[in-house]
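below: sequence and its predicted model.
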Amino acid sequence: MRWLRLFKRENGYVLLAVLSLVLLAWHHTGMEIKHDVDLAIPGVSMMNDAINGGRSRGHFVQQEDSVRFSCQTQRSNTFPFCSVVIPTSHQALEGLDLTRYHSIDIKLSYSEASGLKDSVLIYLLNSEHDPASSKTVLRANLQTIIPVNQLTHTYSLPISNFYVPSWWSFLHAQISDHSAHIYNVTDIQVATGDSHAPKNSQITVHSVQFVGKWLTLPELQFILVSAWVLAVIVDVVYRLIELQGSVRVNQSRLSTLDNSLTHANEERDKYRKLASLDKLTGLYNRQGVQEHYTEKLKSDVPLFLIMLDIDNFKQINDSYGHNKGDAILVNLASTLIRHLREDVVIGRWGGEEFVLLCSAKRPETAVCIAERIRRKVSESQLCSYLTVTCSVGVTNVDKSATLKDNLERADMALYQSKQLGKNRVSTHFGGMNEQSVRKAG
């Protein structure tokens with residue numbers, strides 16, 4: 001019976017492997033979804049350079065199975081073009097989510113009376129909300145077609161090759177993300193090409209079809225990996241149940257349980273350590289600083305707290321975005337680790353504030369450490385296109401007081417550095433009747 005159960009489990013893996021191969025083959029050869037754009041849809045419109053003060057002329061004819069437009073461009077002070085805009089949905093402002101599609105097949109007829117060799121521009125217009133202006137904008141996603149020497153030809157355009165043209169980026173400079181968006185495509189725009197030369201073009205759109213997969217490849221891979229993981233887990237659980245039965249009759253299996261317990265303790269210690277680390281910088285968080293502070297209080301060596309704050313960090317976030325601010329925090333953490341002794345406890349207290357706990361026999365030593373930090377931060381290239389500085393406050397650790405009380409004195413010294421112009425070191429030593437400020441060198 002035991003061999004029969006083992007045979008069934010192995011057969012399950014074989015069946016799962018065959019199913020995985022079949023699904024991957026089906027995805028490669030089929031599993032397609034298609035969406036045809038209705039060319040007889042109401043709302044088709046003509047657009048040319050008249051919107052920019054140009055003089056090109058054009059007209060279009062919409063039929064049940066095609067949209068044809070003609071264009072005579074004229075030289076002017078703006079780029080000459082004509083285009084036809086075709087809605088993708090019968091519902092106003094409702095677009096198509098093309099994230100499941102990999103290509104667009106568009107069947108065109110193209111002719112140019114002047115004999116000029118020109119391209120055809122295909123735009124996918126994505127309707128989206130612009131938080132900066134609180135308005136809805138149409139993001140232009142562009143791909144260029146070079147017409148072939150045939151009366152009618154079907155062009156297959158990979159969705160991944162669409163990009164946002166530079167003119168749109170300049171027109172919407174307030175939007176920081178200039179990557180292609182295709183999650184709410186409301187219109188397809190077919191336009192005359194890049195040439196500035198006068199032209200007399202006629203373009204007919206015979207069909208537009210989006211082609212994709214019921215499941216994207218990453219989704220199918222996730223499903224298959226999940227199935228394999230589940231199968232392995234079930235198998236492992238089943239084997240563990242059998243193992244537990246053997247443990248009851250064989251004392252030697254206790255070593256296996258001991259190993260499992262050791263591994264669990266190691267995992268617990270690992271996660272306990274992770275709980276004391278800041279996720280962004282890898283430095284200690286408040287919990288980690290508190291733990292090391294409690295441990296170092298047992299030492300007889302004097303302790304000092306150094307608190308530093310990045311100058312003008314809010315303006316940096318507002319001007320360059322939180323991603324750039326996070327990058328500066330990570331680079332600052334690397335700078336501190338690189339230039340400080342291993343016995344110095346380095347932690348991110350919150351936001352752009354960092355706390356250092358160090359041992360020193362004299363206050364002057366702690367001040368020198370703080371000054372070296374300030375200088376290294378201003379000299380290090382934390383950001384490629386602006387200079388980042390920090391203000392620093394230093395205080396001694398009163399071992400009879402709480403960490404909060406000691407940090408308040410360090411914060412007072414830090415506040416003094418901010419008030420006196422930033423990028424400097426200030427001190428506030430409790431019980432020493434001493435305050436000093438070091439300006440930026």
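Arrived safely, thanks for sending.

who touches the residue nearest the centre of the chain in this structure?
Compute the mean C-alpha point of the chain, and by Cα atoms, centre = their mean the closest residue is Asn323, 8.8 Å away. With contact set as Cβ atoms under 8 Å, 6 or more residues apart in numbering, Asn323 has no partners. The way it works is simple: take the backbone N, C-alpha and C, and place the C-beta from them, glycine included.

repeat for Ser127
Going by Cβ under 8 Å, 6+ apart, Ser127 touches Leu93, Gly95, Thr136, Val137, Leu138, Arg139, Asn184, Val185, Thr186.

redo that, cut-off 6 Å
Applying Cβ atoms under 6 Å, 6 or more residues apart in numbering to Ser127 gives the contacts Gly95, Thr136, Leu138, Asn184, Thr186.

then Gly288?
Taking Cβ under 6 Å, 6+ apart, we find Gly288 in contact with Ser276, Gly347.

please, which helix or strand holds it?
helix 286-296 (DSSP states H and E).

could you do Ala140 as well?
Assessed by DSSP H and E, Ala140 sits inside strand 135-145.

so which bits of that strand are buried?
Val137, Leu138, Arg139, Ala140, Asn141, Leu142, Gln143, Ile145 (16 or more other Cβ atoms under 10 Å).

pairing partners for the helix or strand that that strand is followed by, with directions?
Downstream of strand 135-145, the next assigned helix or strand under DSSP H and E is strand 152-158. Partners of strand 152-158 in the sheet, by DSSP bridges, are strand 101-112 (antiparallel).

give me the distance from the strand it pairs with to the chain's centre.
Strand 101-112 has its average C-alpha position 32 Å from the chain's average C-alpha position, going by Cα atoms, centre = their mean, to the nearest Å.

contacting residues around it?
Strand 101-112 is contacted from outside by 147, 151-152, 154-159, 199, 201-204, 206-212, using Cβ under 6 Å, 6+ apart.

Ser134: neighbour count?
7 (other Cβ atoms under 10 Å).

what mean pLDDT does the longest strand seen in the chain have?
Looking across the chain with DSSP state E, the single longest strand is strand 200-213. Here strand 200-213 scores 94 as its mean pLDDT.

and what of stretch 154-170?
Mean pLDDT, stretch 154-170: 95.

residue furthest from the geometric center of this protein?
Val249 (54.6 Å).

how far away is that residue from Ser380?
As judged by Cβ to Cβ, to the nearest Å, Val249 and Ser380 stand 65 Å apart.

so how many other residues sit close to the closest residue to Ile41 other than its chain neighbours?
Spatial nearest neighbour of Ile41, chain neighbours left out: Pro87 (5.4 Å); criterion: Cβ to Cβ, 6 or more residues apart in numbering. Applying other Cβ under 10 Å, we find 21 residues neighbouring Pro87.

who's in contact with Pro87?
Contact analysis of Pro87 by Cβ under 6 Å, 6+ apart lists Ile41, Gly43, Asp187.

helices along the stretch 151-300 of the chain, start to end?
Ranges of helices within the stretch 151-300 of the chain are 166-171, 217-249, 254-275, 286-296, based on DSSP state H, counting those that start in this stretch.

between which two of the contacts of Ser127 is the distance greatest?
Using Cβ to Cβ, the two most remote members of those are Gly95 and Thr136, lying 11.1 Å apart.

pLDDT below threshold where in this protein?
Counting by pLDDT under 70, the chain has low-confidence residues at 1-10, 251-258, 260-274, 431-441.

how is it divided into domains?
Domain ranges of the chain: 32-213, 277-428, per the TED database.

now distance to Val234 too, for the ones you listed, in CSV please.
Output for the domains of the chain, formatted as CSV (distance: least, Cβ to Cβ, whole Å):
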stretch, distance to Val234
domain 32-213, 29
domain 277-428, 33
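
closest one to Ser226 among the ones you listed?
domain 32-213 (18.1 Å).

how far away from the center of its chain is that closest one?
28 Å.

now do the contacts for Leu336.
Here Leu336 is in contact with Ile346 (Cβ under 6 Å, 6+ apart).

again, but for the one 10 residues further on
Ile346 sits next to Leu283, Leu336, Leu356 when contact means Cβ under 6 Å, 6+ apart.

assumed it was part of a strand.
Yes: under DSSP: H, G, I helix; E, B strand; the rest coil, Ile346 falls within a strand.

how near is it to Leu297?
According to Cβ to Cβ, Ile346 and Leu297 sit 18 Å apart.

and His90, by the same measure?
For His90 relative to Leu297 (Cβ to Cβ), the value is 72 Å.

repeat that for Val249.
Taking Cβ to Cβ, one finds Val249 at 53 Å from Leu297.

just want the angle from the strand holding Ala140 to strand 101-112.
Counting by axes from the mean of the first three to the mean of the last three Cα atoms, to 10 degrees, strand 135-145 lies at 70 degrees to strand 101-112.

fine by me, we can end here.
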